[in-house]
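**Q** how does the following fold in three dimensions:
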Amino acid sequence: MGGWDIRVSYLCLCICLHCCIQSRAILDPLDFLALQSIRKSLKDVAGSNFFQSWDFTSDPCNFPGVYCDSDKVIALNLGDPRAGSPGLTGRIDPAIGKLSSLAEFTIVPGRVMGKIPDTISQLSNLRFFAVSRNFLTGEIPPGFGELRSLHTLDLSYNQLTGTIPRPLGSLPVLSNLILCHNHLAGSLPPFLSNTLTRVDLMHNNLTGSLEPDSLPPSVQYLSLGWNKLSGPVYTLLPKLNRLNYLDLSMNQFTGLIPCHIFTFPISNLQLQRNQFFGPVLLVEPVTIATIDLSYNRLSGRVSPMLSTVQNLFLNNNRFMGSVPRDFVDRLMDATIQTLYLQHNYLTGFQINPTAEIPLSSVLCLQYNCMVPPAQSACPLKAGDEKTRPTAQCNEWRG
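**A** Numbering: from 1, shown residues only. Coordinates of the predicted model:
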């Protein structure tokens with residue numbers, strides 16, 4: 001090979017080496033120091049080895065759970081994601097706010113405790129923040145409301161207190177808000193995002209009413225059960241016509257149940273243990289698989305349009321009259337799997353006393369204004385009395 005060829009080959013090799021070096025950028029010093037601080041504030045629970053390979057003499061972008069773009073950290077997924085892993089313990093260090101390009105932050109279930117740092121407000125690119133099933137305490141930092149790119153916030157199953165920061169409601173692209181199983185109080189702020197699809201605030205201490213502008217029509221999953229919410233829902237719910245799951249159970253909601261919601265594409269409707277009253281008026285068969293309206297103050301006759309429901313709980317209300325024949329037919333052909341009608345004021349159920357209810361179906365008629373012509377196993381809390389006292393039935397009819 002001639003001298004010229006050698007020089008050309010050497011030049012090409014130098015260019016290739018330069019390109020390789022350039023493509024493997026050194027991590028930004030601020031990000032490097034922030035990762036060190038985050039690492040010092042967290043450690044593995046016994047049985048976890050997640051941090052074992054976090055050796056800061058090597059490139060942090062190669063650490064498990066660290067994802068980089070050029071010289072910046074863009075995602076931190078801390079802890080072994082496999083189900084049943086022991087998780088991490090410690091606290092979230094305020095240095096997290098120094099990761100200026102961070103778009104995603106998660107910690108697996110474990111024993112991480114303490115407050116969420118206020119420095120979270122500095123993460124202007126943050127889209128996804130999920131620290132569920134840990135022991136976080138204190139309030140949700142209002143700074144989350146400054147993160148205009150935030151798509152998902154999951155702080156479920158912690159010990160958070162205080163209120164839901166009102167600025168969260170103004171986030172433009174928020175899609176998933178999951179704050180269930182905490183100790184949050186106060187009212188629900190209005191949410192404006194037209195991309196909001198999932199709202200899970202179950203098992204908190206929320207109070208107040210649901211205003212007509214509380215939630216946008218985009219919501220598909222709404223779980224507000226086990227709170228102390230009150231007031232009517234007939235002004236808000238009809239607007240949420242994309243709902244496929246609705247749980248308002250264990251609250252203090254009042255008023256009529258809007259008939260519109262029975263036509264929504266819902267698979268599971270949970271409205272039990274509230275103070276809803278009045279009749280349930282329907283004009284077409286219901287296609288919802290499970291409906292629980294138990295422990296309310298609903299009255300009037302049982303609509304035959306509900307006979308198409310697979311699991312129906314109407315117990316502990318004030319329904320009266322004879323149950324439509326449609327229920328008997330669908331119970332006997334096992335289309336209905338659960339039919340709870342106990343503790344009402346019903347006067348008839350047109351079934352042959354010798355009929356054998358399918359083993360896959362459950363019927364309870366206990367404590368109505370009739371002797372149950374047939375029934376299978378009732379829940380223990382239905383009590384031992386088969387029939388409601390005559391005086392109560394006469395008073396109700398009167």
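
**Q** okay, CA-based contacts and neighbour counts for the rest of this
**A** Fine.

**Q** what helix or strand is the nearest residue to Q220 once chain neighbours are set aside on?
**A** Nearest non-adjacent residue to Q220, counting by Cα to Cα, 6 or more residues apart in numbering: L243, 3.9 Å away. Using DSSP states H and E, L243 sits in no helix or strand.

**Q** ok, L243 - contacts?
**A** Applying Cα atoms under 8 Å, 6 or more residues apart in numbering to L243 gives the contacts 219-222, 264-266.

**Q** change it to 10 Å
**A** Contacts for L243 (Cα atoms under 10 Å, 6 or more residues apart in numbering) come out as 197-198, 217-222, 237, 261, 264-269.

**Q** check C16 and give its pLDDT.
**A** With respect to pLDDT, C16 scores 37.

**Q** what of F56?
**A** For F56, pLDDT reads 95.

**Q** can you give me the helices in the stretch 251-398 of the chain?
**A** 325-332, 390-397 (DSSP state H, counting those that start in this stretch).

**Q** oh, I was asking about the stretch 1-150 of the chain
**A** Under DSSP H, counting those that start in this stretch, the stretch 1-150 of the chain gives helices at 3-23, 29-41.

**Q** give me the buried stretch members for the last one, please.
**A** Meaning helix 29-41. Judged by neighbour count using 16 or more other Cα atoms under 10 Å, the buried positions of helix 29-41 are 31-39, 41.

**Q** re earlier: which of the helices of the stretch 1-150 of the chain has the lowest mean pLDDT?
**A** helix 3-23 - the lowest mean pLDDT of the helices of the stretch 1-150 of the chain, at a mean of 36.

**Q** just to revisit the earlier point, ranking the helices of the stretch 251-398 of the chain by burial, who's on top?
**A** Among the helices of the stretch 251-398 of the chain, ranked by average contacts under mean count of other Cα atoms under 10 Å, first place goes to helix 325-332 (a mean of 18).

**Q** hmm, who's touching it?
**A** Contacts for helix 325-332 (Cα under 10 Å, 6+ apart): 302-310, 334-339, 348-352, 355-363.

**Q** can you show me the CA trace of it as PDB?
**A** Extracted in PDB, the C-alpha atoms of helix 325-332 (Å, rounded to 0.1, in the frame of the first residue of the first chain):
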ATOM      1  CA  ARG A 325     -92.100 -11.600  34.400                       C
ATOM      2  CA  ASP A 326     -89.000 -10.800  32.300                       C
ATOM      3  CA  PHE A 327     -86.800 -11.200  35.300                       C
ATOM      4  CA  VAL A 328     -88.200 -14.700  36.000                       C
ATOM      5  CA  ASP A 329     -87.600 -15.900  32.500                       C
ATOM      6  CA  ARG A 330     -84.000 -14.600  32.300                       C
ATOM      7  CA  LEU A 331     -83.200 -15.900  35.800                       C
ATOM      8  CA  MET A 332     -84.400 -19.400  34.800                       C
END
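
**Q** from G65, how far out is N274?
**A** 45 Å (Cα to Cα, to the nearest Å).

**Q** how much space separates the residue nearest to Q220 from D213?
**A** In this structure, L243 and D213 are 16 Å apart, going by Cα to Cα.

**Q** for stretch 360-378, buried residues please.
**A** 361-370, 372, 374-375, 378.

**Q** now flag whichever of the residues you listed is closest to R318.
**A** Using Cα to Cα, N368 is the member of these that lies nearest R318, at 9.7 Å.

**Q** surely the closest one is in contact with R388?
**A** Yes - if you go by Cα atoms under 10 Å, N368 and R388 touch, sitting 5.1 Å apart.

**Q** now do the shared contacts for the two.
**A** Looking at what touches both N368 and R388 (by Cα under 10 Å, 6+ apart), the common residues are 342-346.

**Q** so which of the residues you listed sit within strands?
**A** Secondary structure assignment by DSSP state E places 345-346 of the shared contacts of N368 and R388 in strands.

**Q** turn the shared contacts of N368 and R388 into TSV, columns for pLDDT.
**A** Compiled in TSV, those are given as follows (pLDDT from 0 to 100):
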residue	pLDDT
Q342	97
H343	97
N344	97
Y345	97
L346	97
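
**Q** with distance to F129 and neighbour count added, can I get the shared contacts of N368 and R388 in JSON lines?
**A** Formatted as JSON lines, these follow (distance: Cα to Cα, whole Å; neighbours: other Cα atoms under 10 Å):
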{"residue": "Q342", "distance to F129": "45", "neighbour count": "28"}
{"residue": "H343", "distance to F129": "46", "neighbour count": "25"}
{"residue": "N344", "distance to F129": "47", "neighbour count": "24"}
{"residue": "Y345", "distance to F129": "50", "neighbour count": "28"}
{"residue": "L346", "distance to F129": "51", "neighbour count": "26"}
